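Chemist: Model the structure of this input:
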Amino acid sequence: MKADAITEYEGPALITAIPVLAVVEESPTITAFATQALTEATLNGSIIRLTLNNGTYIRSNFDLDNAVTVSGIAGVTIGIFGVERVSDTIIIFELEFGGNFNTNATLTFTVAANAIAEYDGPTLIAQLPVNGGKESVVASTLAPLTETTLNGSVVTLTLNGANYKRSTFDLRDAVTVSGIEGVTFHWFDLDRISDTELTVELTFKGNIDTDTILTFTVGADAIAEYDGPALTTQLIVTGGKESVTAATEAPLAEATLDGSIVTLTLSGRIYERSRFRIREAVSISGIDTVTVDDVDRISDTKINVELEFNGDIDTDAILTITVAANALLRYNGPAFTVQLPVTGGQELMAASTVAPLTETTLDGSVV
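Modeler: Numbers count the residues shown, from 1 in each chain. From the prediction side, this is the model:
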């Protein structure tokens, strides 16, 4: 204020200062949000939302496509539809992923300065965690597998950490079984039950006498959006030593041999359903003129063999019965033999009279 503006004042001009507060603008930031928890299995197709704070996105979707990137996990990209501007502060996009990782990882999203109106600062960054998953497959059955039950058994293969492809043709080419010779499954015996379950019905015609491991392999081509190594799972199969035992209602003897019934009981397998095939596979040896008269299939594990005999044995002997492999269902192992003792009989003749013979009574005596 000048001196002449002040009454009765001749001194220097008076000066005062008024403070002015400067406006400091906050720098823009971005926040990332996923519509579902990000895991290896859910990564493909997940929608990401990037919210801009203290700024405004430019209006051009094309320019946004070039300015927004994703990194941190190999194989993760922004989907073919690119970035969509939902509002001045929100953009969204869909992720694509066709890879494999087994540990937790971090996905990094960047938005370049040219995506933000009236901003020329550093690139903005936001991150989201992704749970990695170790893919695995587990085999299960309703009942334990044994040599006897192997054929026709249904095995469920449950996938963890991923989904099966929808095409059963892809599955049939990529799923295999190994470990036991003769175990297979036909292409029409594989069924996709759900995204994570498929079943295979096994076929088996062979012979295993000891416990053995059956291995199932699921190749990468059977798993959606997966390019890792093939997955394997195993089941133990209890082997069984097949055997045949013979029994009769009464001990075999020369006198009773003809017409006797021998019951042959099978363990570890079942007989063929055709009695004619069984009849052709059963033979008798050890005693001349003993043959098979007839064979009846009593059950899956029992047959009756009726013997025919027209001969003579004076001493005890052994009768051997052989059951060939083709008498058994789905069996290609060695033949079975079983033996039974037969009591022989020495023919004798005894003479008798009503009274002792003497010279006087000899004539006319009846012997």
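
Chemist: Is residue 321 located within a strand, as I assumed?
Modeler: Yes - under DSSP: H, G, I helix; E, B strand; the rest coil, residue 321 falls within a strand.

Chemist: what's the burial count for it?
Modeler: The tally of other residues near residue 321 (other C-beta atoms under 10 Å) stands at 22. C-beta here means a position set from N, CA and C on the backbone, and glycine is covered the same way.

Chemist: Go ahead and confirm it touches residue 327.
Modeler: No - at 11.2 Å, residue 321 does not count as touching residue 327 under the criterion of C-beta atoms under 8 Å.

Chemist: quick one, what contacts residue 154?
Modeler: Residues in contact with residue 154 (C-beta atoms under 8 Å, 6 or more residues apart in numbering) are 141-142, 199-202.

Chemist: taking the residues you listed one by one, which sit in strands?
Modeler: Among those, the members falling in strands (DSSP state E) are 199-201.

Chemist: Relative to residue 81, which of the contacts of residue 154 is nearest.
Modeler: The nearest member of the contacts of residue 154 to residue 81, counting by C-beta to C-beta, is residue 199 at 37.0 Å.

Chemist: residue closest to the middle of the protein?
Modeler: residue 157 (3.0 Å; C-alpha atoms, centre = their mean).

Chemist: got the CA positions of the strand or helix carrying that one in CSV?
Modeler: Applying DSSP states H and E as the criterion places residue 157 in strand 154-160. Included here for strand 154-160 are C-alpha records, laid out as CSV according to Å, rounded to 0.1, in the frame of the first residue of the first chain:
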residue,chain,number,x,y,z
VAL,A,154,-14.8,-101.1,-15.2
VAL,A,155,-12.0,-98.7,-14.2
THR,A,156,-12.8,-95.0,-13.5
LEU,A,157,-10.0,-92.6,-14.3
THR,A,158,-10.5,-89.3,-12.3
LEU,A,159,-8.5,-86.3,-13.5
ASN,A,160,-7.3,-83.7,-11.0
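
Chemist: Please point out which parts of that strand sit buried.
Modeler: For strand 154-160, a neighbour-count test (16 or more other C-beta atoms under 10 Å) marks 155, 157, 159 as buried.
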